[in-house]
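Visitor: sequence? don't have it. structure:
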């Protein structure tokens, strides 16, 4: 009799655990969905431009947040798809629920540390030749940035490179300070692209005042 009770309790515990894991999996999939890329008209416009104006098989270098939009809407390859384990604290979804860390440890496909570091170095380089060299290393044909999102992300980008964010950007983010460029300490290749500037060695081929796409010359 006692054995049956123990077995029954164990079966219930397993069922509850299975339901919990299923719920976490569905929640994780929802956080990884394309919802925000589709809902933002200007992002969708930029990703669609890639699909209609670039060649099949070409590659886009961008911060990992935009990989799904580039691949699934733009139908182009990316250099990095996800964050690296080294900078997992920058993944916004981890803060959504107390158990988010479990979801990410179970299912998140962390990107190569070397790749993420190289992409970060592309954006923080002060010499466009360095950025072009990194882009060519990974066969990238285009670079994609989003204003002002990538200003907000720039501290995480700098951290991924192994440098100190305070050396590159103030962190005092308001719409006014970003628009007036007061947050910028170093005019890096990434910063120039985010603000839509001309960058030596790159041609700006798309700009809807939110997404900016540059082609390697």
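Guide: Nice, thanks for sending it over. Model, not experiment: these values are computed from the prediction.

Visitor: Tell me if I'm right that residue 50 and residue 72 touch.
Guide: No. Using C-beta atoms under 8 Å, residue 50 is not in contact with residue 72; the gap is 11.0 Å. C-beta coordinates here come from the backbone N, C-alpha and C atoms, glycine included.

Visitor: Pick out whichever of the two has more residues nearby.
Guide: residue 50 (23 against 13; other C-beta atoms under 10 Å).

Visitor: which ones are touching that one?
Guide: Applying C-beta atoms under 8 Å, 6 or more residues apart in numbering, one finds that residue 50 lies in contact with 60, 70, 73-76, 142, 144, 213.

Visitor: dump the residue contacts of the residue nearest to residue 198 when sequence neighbours are not counted.
Guide: Nearest residue to residue 198, sequence neighbours excluded (C-beta to C-beta, 6 or more residues apart in numbering): residue 204, at 7.0 Å. For residue 204, the contacting residues are 196, 198, 212-214, by C-beta under 8 Å, 6+ apart.

Visitor: Can you tell me the element residue 204 falls in?
Guide: Using DSSP states H and E, residue 204 sits in strand 202-207.

Visitor: show me where this protein has helices.
Guide: Listed in chain order, the helices of the chain (DSSP state H) span 2-31, 35-39, 41-53, 67-68, 100-107, 113-124, 128-137, 149-152, 154-161, 175-179, 189-194.

Visitor: worst average pLDDT in those?
Guide: Confidence, taken as mean pLDDT, is least for helix 2-31 of the helices of the chain (a mean of 47).

Visitor: can you tell me which residues contact residue 125?
Guide: 131, 134, 188-190.

Visitor: do residue 141 as well
Guide: Contacts of residue 141 by C-beta under 8 Å, 6+ apart are 54-55, 58-60, 215-216.
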